[in-house]
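# need a 3D model of the following:
(chains A and B)
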Amino acid sequence: MESDERFFSFDDQLQKLVKESTHFIPRGNGRCYGDASLSTETINTLKYDKVLSFDTTNGILECQSGLTLDKILEFIVPKGWFLPVTPGTKFITVGGAVGSDVHGKNHHIDGSFSNHIVEMELILADGTITVCSPSQNTQLFEATCGGMGLTGLITRIKFRLKKIETSYIKQKQVKAENLDEVIRLFDEYNHYTYSVAWIDCLKKGKQFGRSILILGEHAKVDELPEKYKSDPLKLPAKKSIPFPINLPSWVLNSFTVKLFNFLYYGKNFKKEINNVVSYEPFFYPLDAILNWNRGYGKKGFIQYQFVLPLEAKQGLVEILNRISDEGLGSFLAVLKVFGKQESLISFPTEGYTLALDFPVRDGLFKFLDELDKIVLNYGGRLYMSKDARMKPEVLTAGYPRLNEFKQILNTYNPKGKIRSIQSDRLLLTPQL
Amino acid sequence: MSTVLLLGATSDMAVAIARKMAEKGNNIQLAARNSNRLQALQSDISVRYNVACTIHEFDATDFASHAFFYQSLSVKPDITICVFGYMSDNITAGKDWQEASKMINSNYTGAVSILNIIAEEYAAKKSGTIVGISSVAGERGRQSNYIYGSAKAGFTAYLSGLRNKLYHDNVHVVTVLPGFVNTKMTAELNLPPLLTASTEQVADAVEKAIRKNQNVVYVKWFWKWIMKIIKSVPENMFKKKKL
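Numbers count the residues shown, from 1 in each chain, chains lettered A, B, ... in the order given. As a prediction, this is how the structure comes out:
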């Protein structure tokens, strides 16, 4: 689609852009999967990417919103600090991390990104600059965390980092024969800081839901192999392999996905593997392959992520069954247990979250509408950052505080000057 | 550890060059007309790269202020990188002398004025490096861009002569011809991706040119050949083209 994308480097340029535009949506590095940062007019923050201060004693970082997580890691890791929460790609901006209120493998211990914000500053739809925090302008703060950029454009963020002794992760991988076992293992290992499971969606019968649970802790210096001890905070070498072409869409079918899953599961011969790895392959396995999305062909793919309450395990079974029956498997099916979180509009809430990607095929959207119904029946919800197609009633049913969110938007963005294709589709902004 | 002075430090290209030179362990002096716009970059550089970074008020087109500007630098830079420049629409500039003279003064006269001062001092102390960011637009005048192009042509010729003179004083001069670059200055143009460099690529080329004592560098190698071809077209044919 065509969009007028505007960049700025300085505060005065931003103020001018906001004042002069008829409507816009803030945009960062464009890595969320749906249409949340798409519009005919966008204001892009990528050139607004300066580090403003770094308190290395208390681990508090202050930066402009367009700075990306990969750039942050480059200078905080050698100083013994790490991101408090990181999603599966480091190529996102800090502003995007707040707008989506991203979660990571440590959600059950550390919560989502917004849990670590000290304060932030926004430019509102009318051009005013406002500071908000968990104790100041709290409504604005709450609605900005996970609010998909609709309250204003974040200019400055101050957040707490996590202390680390080394840049390595002590990793444990445990094979689970089926869904019941992996759910039991999540519980058994819930004291681990990081946990996530790769799950085979196509397997039926006794091995239904077979998985590999991946657990991790930041390694201490004395836990490192000798060869790493001389430079415990070493940054991983920069290397990336570009994915050269768009694979034809037919390459991904239920046979090839089954084969991939067979090989992925089979590569772990033992029940349990313990090793020490750099943070890079542990947190960002796909970042090593630039343009990995090309593997899905030109039609692309749809990400689908939902969360179901803990008591709705049966819903997980039902959804996995539907996917398996449909033969619509994906390379990446990731299961995680969220801890408690009660936010206004953020996605995470206690329960099981499953993230899937489906190559775009005829009939896929109809199928996803059916999955939506199952998710809602079991009291679940969908993740807006990964959404490009849900109907507004699905959002309403999944987010009990949606009206409160809309009221706050009505205060700060009354005419919908800040709007995206998604906010229009989900009726979060007033119709033009 | 060297000190690098960036003249025109608010541009996208200057941000990338400043970060690259700081990453290599150099102290950085940022100079621009709007020095309050440099505060964020100053903290960015000192926090990320643990080097000293200072900011200085500098107006390229206020020639009279240049001698005082350089005198007032308490640490004299070992490397001076001249990044400032200004491009506007040729048609407007053809009718509006304000615009035309602004382009000439920013891209040529201002650069000569400040670099003359710095060149004198480098020659006297027999050391230093001067880098000028010029443009492929200065290689041959085209109807769409000849006012900007002629100013850059003047700058390129100046750098070439300066390099010749200062060679005998152990001072090195680098001319950088970036070709298309993704910046604020070119945001409105629809540039062909293959021919367009990122500001980080420009910064890498600048750092390498300083380290390896290169004379004239094109950021993307094929620009050298494109310009060779453009320059070889006979004037009789060239004047009929709409370039």
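# how about the residue of chain A found nearest chain B, phi and psi?
Distances between chain A and chain B by C-beta to the nearest C-beta are smallest at A:K50, namely 3.9 Å. From N, CA and C alone the C-beta is placed, and that goes for glycine too. When quoted as degrees, to the nearest 10, the phi and psi of A:K50 stand at phi -100, psi 140.
# my read: it touches A:L67, true?
Yes: A:K50 lies in contact with A:L67 (C-beta atoms under 8 Å); the separation is 7.2 Å.
# hmm, back to that, number of residues surrounding the residue of chain A closest to chain B?
For A:K50, the tally of surrounding residues (other C-beta atoms under 10 Å in any protein chain shown) stands at 23.
# what helix or strand is residue 29 on?
With no chain named, the answer covers chain A. Counting by DSSP states H and E, there is no helix or strand that carries A:N29.
# you answered for a different chain; I wanted chain B.
B:Q29 belongs to strand B:27-32 when assigned by DSSP H and E.
# and that strand, what does it pack onto?
If you count contacts as 3 or more C-beta pairs under 8 Å, 6 or more residues apart in numbering or on different chains; DSSP states H and E, strand B:27-32 packs onto strand B:3-7, helix B:12-23, helix B:39-49, strand B:53-57.
# now with 6 Å?
strand B:3-7, strand B:53-57 (3 or more C-beta pairs under 6 Å, 6 or more residues apart in numbering or on different chains; DSSP states H and E).
# if we can go back for a sec, got a list of what the residue of chain A closest to chain B touches?
The contact partners of A:K50, by C-beta atoms under 6 Å, 6 or more residues apart in numbering or on different chains, come to A:Q64, B:A40, B:L41, B:D44.
# show me which pair in these is furthest apart.
Farthest pair in the contacts of A:K50 (C-beta to C-beta) is A:Q64 and B:L41. Separation: 10.4 Å.
# for A:K158, grab the count of nearby residues.
19.
# centre of the chain to the lengthiest helix in chain B, how far?
In chain B, assigned by DSSP state H, the helix with the most residues is helix B:146-167. When C-alpha coordinates are averaged (C-alpha atoms, centre = their mean, to the nearest Å), helix B:146-167 and its chain have centres 11 Å apart.
# list the buried residues of it.
By 16 or more other C-beta atoms under 10 Å in any protein chain shown, the buried positions in helix B:146-167 come out as B:146-156, B:158-159, B:162-163, B:166.
# do the same with stretch A:158-171
A:K158, A:F159, A:R160, A:L161, A:K162, A:I164, A:T166, A:S167, A:Y168, A:I169, A:K170, A:Q171.
# and the residue sitting nearest the centre point of chain B, backbone torsions?
Centrality entry for chain B: nearest residue to the mean C-alpha point is B:I133, 2.4 Å, by C-alpha atoms, centre = their mean. Taking degrees, to the nearest 10, you get phi -90, psi 100 for the backbone angles of B:I133.
# can you pull the contacts of it?
B:V83, B:V176.
# and if we set it to 8 Å?
Contacts for B:I133 (C-beta atoms under 8 Å, 6 or more residues apart in numbering or on different chains) come out as B:M13, B:I81, B:C82, B:V83, B:G85, B:V176, B:P178, B:V202, B:V206.
# and residue 230, how many neighbours?
Picked chain A for this. Using other C-beta under 10 Å, the number of residues around A:S230 comes to 8.
# let's do chain B instead
Other residues close to B:I230 by other C-beta under 10 Å number 15.
# that one falls within a helix, correct?
Yes: per DSSP: H, G, I helix; E, B strand; the rest coil, B:I230 lies within a helix segment.
# what's the closest non-adjacent residue to it?
Residue nearest to B:I230 in three dimensions, not counting chain neighbours: B:R140, with 5.6 Å by C-beta to C-beta, 6 or more residues apart in numbering or on different chains.
# mind checking the SS state of that neighbour?
Classification of B:R140 using three-state DSSP returns coil.
# how close does it sit to A:Y284?
46 Å (C-beta to C-beta, to the nearest Å).
# ok, the closest residue to A:E2 other than its chain neighbours - contacts?
Nearest residue to A:E2, sequence neighbours excluded (C-beta to C-beta, 6+ apart): A:T40, at 7.3 Å. When contacts are counted by C-beta under 8 Å, 6+ apart, A:T40 touches A:E2, A:S3, A:D4.
# so the last one touches A:I43, yeah?
No: using C-beta under 8 Å, A:D4 is not in contact with A:I43; the gap is 9.8 Å.
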